[in-house]
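Engineer: How does the following fold in three dimensions:
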Amino acid sequence: MMKPTPFPHSLVVADIHLQPQAPLHPINQTFKRFLTERAAQAEKLFILGDLFDAWLGDDLSLADFYEEIEALRQLKTQGVKVFIQYGNRDFLMRDAFWQATGAIALRDESALTLYHQPILMLHGDQLCTEDKAYQRLRFWIRQPWVQWLFLRLSAAKRRKIGTKMRHQSHYASSLKNPQSMDVSQPGLAYYFARFPKQRILIHGHTHLPADHLHYWHDQPIQRYVLSDWRPEGDYLCISNTGIQRHAFS
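Structural biologist: The predicted structure is shown next:
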């Protein structure tokens, strides 16, 4: 049975980066409070990728994030629909994850209408087309055969690779021009052309929260960029009155 809500609304977050085997980590604690104190009042919760700092396969990560998985499941039992998009760090969730949480997989490019507002939701990494090295990496790690091989490695090997890749990612980012890692105009133009009816774009990934106004063929498009959580974060509240940004800490 659906629970009563103060007013119909949905929430959107991104880039939580929950830490594995660390239920007392500030980020993990803040997110669990967000689920119980804020998300429980919503109709829907959209998580636009990188919920987890790393997902190494259902057999390992369901145990690593046991408390967080249980919190998501509890939210679903309270009548909140939870939608989760793959990010660049947690694209290996499989059937056991979706069954354990009761969440619904959100397509990488999700065009939908919420409260009469046409919205496109992305993780956001596909918009950063100037970061050529990352786009090459993204192409290969999203190949089904590469993921199939990785998930058949031993637990120890997967953990070692996951740790190494996270360290390499931080190091590589420190050497790059920050502008090259941000959203590019060609990247935006590609999606504006593909989804001409969507007048609102929401994404994360860049960790550069802001509201932007663009024009495409003289039509305004509002772009909302969500922050990462470390542990303070933000979220969007979407309702019949529009879209508002709120902080949560």
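
Engineer: buried residues in the helix or strand containing Leu188?
Structural biologist: When elements are assigned from DSSP states H and E, Leu188 belongs to helix 185-194. Counting neighbours by 16 or more other Cβ atoms under 10 Å, one finds that the buried residues in helix 185-194 are 187-188, 191-192. Where C-beta positions appear, they are placed from N, C-alpha and C, glycine not excepted.

Engineer: since we're on the residue nearest to Ala54 when sequence neighbours are not counted, how many residues are nearby?
Structural biologist: Excluding the flanking residues, the one nearest Ala54 by Cβ to Cβ, 6 or more residues apart in numbering is Gly162, at 4.7 Å. Around Gly162 there are 21 other residues, counting by other Cβ atoms under 10 Å.

Engineer: pLDDT at the residue in the chain sticking out farthest from the centre, what is it?
Structural biologist: When distances are taken from the C-alpha mean of the chain, Asp218 lies farthest, 29.8 Å away, according to Cα atoms, centre = their mean. Among the per-residue scores, Asp218 holds a pLDDT of 93.

Engineer: how far away is it from Leu56?
Structural biologist: Counting by Cβ to Cβ, to the nearest Å, the separation of Asp218 from Leu56 is 47 Å.

Engineer: follow-up on the earlier one: return the list of helices and strands in contact with the helix holding Leu188.
Structural biologist: Contacts defined by 3 or more Cβ pairs under 8 Å, 6 or more residues apart in numbering; DSSP states H and E place helix 185-194 against strand 210-216.

Engineer: neighbouring contacts of the strand it packs on?
Structural biologist: 188-189, 192-193, 196, 220-225, 245 (Cβ atoms under 8 Å, 6 or more residues apart in numbering).

Engineer: on contacts alone, who are the packing partners of the helix ranked longest in the chain?
Structural biologist: What stands out as the longest helix in the chain, according to DSSP state H, is helix 155-175. For helix 155-175, the packing partners by 3+ Cβ pairs under 8 Å, 6+ apart come out as helix 58-64, helix 144-151.

Engineer: need the next SSE after the shortest one, C-terminal direction.
Structural biologist: It stands for helix 58-64. Under the assignment DSSP H and E, the closest C-terminal helix or strand after helix 58-64 is helix 66-77.

Engineer: now for that following helix, which elements pack on it?
Structural biologist: Based on contacts counted as 3+ Cβ pairs under 8 Å, 6+ apart, the elements that helix 66-77 packs against are helix 26-37, strand 81-85, helix 95-101.

Engineer: show me where pLDDT drops low in the chain?
Structural biologist: When the per-residue scores of the chain are filtered using pLDDT under 70, the ranges that remain are 1-6, 170-181.

Engineer: At the geometric centre of it, which residue sits there?
Structural biologist: Gly49 (2.0 Å).

Engineer: burial of Cys237, as a residue count?
Structural biologist: By other Cβ under 10 Å, 18 other residues sit near Cys237.
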